[in-house]
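**Q** A predicted structure for the sequence below; I have some questions about it.
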Amino acid sequence: MEDRAFLIDICGTMFRSNTTFDFIKYYYGSNWLVKFWFSLPYRIYNRLMFRFFKKEPLRHNLIKKLRGKTCEQLTLMAKDFCKNFLFAKENVQIINIINKKRAECCRLVIASATLDVIANAVAAYYNIPEYFSTTLEYDSNGVCTGHISKDLLSCKKAMLKAAGVVPPYAGVLTDNFSDCDIICESSEAYLVTYKMKKNKWAEMALINKFKSCRVVEFIEV
């Protein structure tokens with residue numbers, strides 16, 4: 001049994017969902033401000049901000065809606081969200097790969113920019129012992145401030161390395177183009193593709209030259 005990590009993404013990979021966005025929408029979707037943030041003009045603005053400045057005002061604003069909730073409340077909310085919404089959006093092919101890697105005694109590690117309470121619920125349900133995710137900030141009374149204390153968005157490799165999960169990796173399972181630095185240091189890569197962007201991974205593979213990968217498999221979902 002090797003100790004190298006097999007890394008697993010959550011959003012868009014294990015599930016057809018941006019889990020942070022859907023979590024907020026699940027509980028606060030009827031709020032007029034949340035509706036505005038999900039409107040087409042604001043989403044276009046958000047996309048441009050991320051493309052040019054690597055900032056996501058939509059995500060920042062949505063997380064503010066969690067202000068005032070305790071860690072215990074958010075943990076229960078995440079479990080309910082997963083049970084009644086998220087698990088129905090499971091990508092079966094991806095779960096099959098995870099189970100196959102488990103049978104091969106791989107060290108399964110979730111590495112996702114989703115919120116920690118969601119990652120915790122997913123990891124528990126699928127019996128994945130390790131996870132790294134975006135961490136919510138709490139005050140001295142254990143109440144969420146509506147801010148992030150540690151963000152995995154676009155910096156997974158650095159955060160994993162700081163936690164002692166270092167390359168080379170046994171493999172990676174992801175739909176994120178921003179994970180190319182991880183892919184380049186993985187023995188296997190299972191790249192989830194959607195119809196709208198089915199050629200993008202092929203382009204990224206040519207640009208980044210995933211030479212270290214024994215296996216590069218494109219999984220259309």
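**A** Noted; the coordinates are in hand.
**Q** where does this protein have its least confident helix or strand?
**A** The weakest-scoring helix or strand in the chain, judged by mean pLDDT, DSSP states H and E, is strand 215-220 (a mean of 65).
**Q** and the residue nearest the centre of this protein?
**A** Closest to where the C-alpha atoms of the chain average out (Cα atoms, centre = their mean) is residue 112, at 3.2 Å.
**Q** element containing it, please.
**A** strand 107-115 (DSSP states H and E).
**Q** for residue 4, which non-adjacent residue is spatially closest?
**A** residue 170 (4.1 Å; Cβ to Cβ, 6 or more residues apart in numbering). Bear in mind the C-beta positions are built from the backbone N, C-alpha and C, glycine included.
**Q** now do the contacts for the one you found.
**A** 2, 4-6, 106-107, 186-188 (Cβ atoms under 8 Å, 6 or more residues apart in numbering).
**Q** can we see that at 6 Å?
**A** Neighbouring residues of residue 170 by Cβ atoms under 6 Å, 6 or more residues apart in numbering: 4, 6, 106, 187.
**Q** top of those residues by number of neighbours, please.
**A** residue 6 (24 neighbours; other Cβ atoms under 10 Å).
**Q** let's verify that one: helix, strand, or coil?
**A** Counting by DSSP: H, G, I helix; E, B strand; the rest coil, the backbone at residue 6 sits in strand.
**Q** pretty sure it is touching residue 171, no?
**A** Yes - using Cβ atoms under 6 Å, residue 6 is in contact with residue 171, at 4.6 Å.
**Q** identify the contacts common to these two.
**A** By Cβ under 6 Å, 6+ apart, no residue touches both residue 6 and residue 171.
**Q** just to revisit the earlier point, give the next helix or strand downstream of the strand holding residue 112.
**A** helix 116-125.
**Q** which parts of that next one are buried?
**A** 116-123 (16 or more other Cβ atoms under 10 Å).
**Q** what does the next helix-or-strand element following that helix contact?
**A** Using DSSP H and E, the next helix or strand after helix 116-125 towards the C-terminus is strand 130-138. By Cβ under 6 Å, 6+ apart, the residues outside strand 130-138 that reach it are 71, 109-116, 119, 123, 144-145, 147-152.
**Q** report the buried members of those.
**A** If we count by 16+ other Cβ under 10 Å, the contacts of strand 130-138 have these buried: 109-116, 119, 123, 144, 148, 152.
**Q** poorly predicted segments of the chain, please.
**A** Residue ranges of the chain with pLDDT under 70: 1-2, 198, 206, 212-221.
**Q** follow-up on the earlier one: of the buried residues of helix 116-125, which is the nearest to residue 25?
**A** Using Cβ to Cβ, residue 118 comes nearest to residue 25 of these, at 13.0 Å.
**Q** distance of the residue nearest to residue 4 relative to residue 105?
**A** To residue 105, residue 170 is 10 Å away according to Cβ to Cβ, to the nearest Å.
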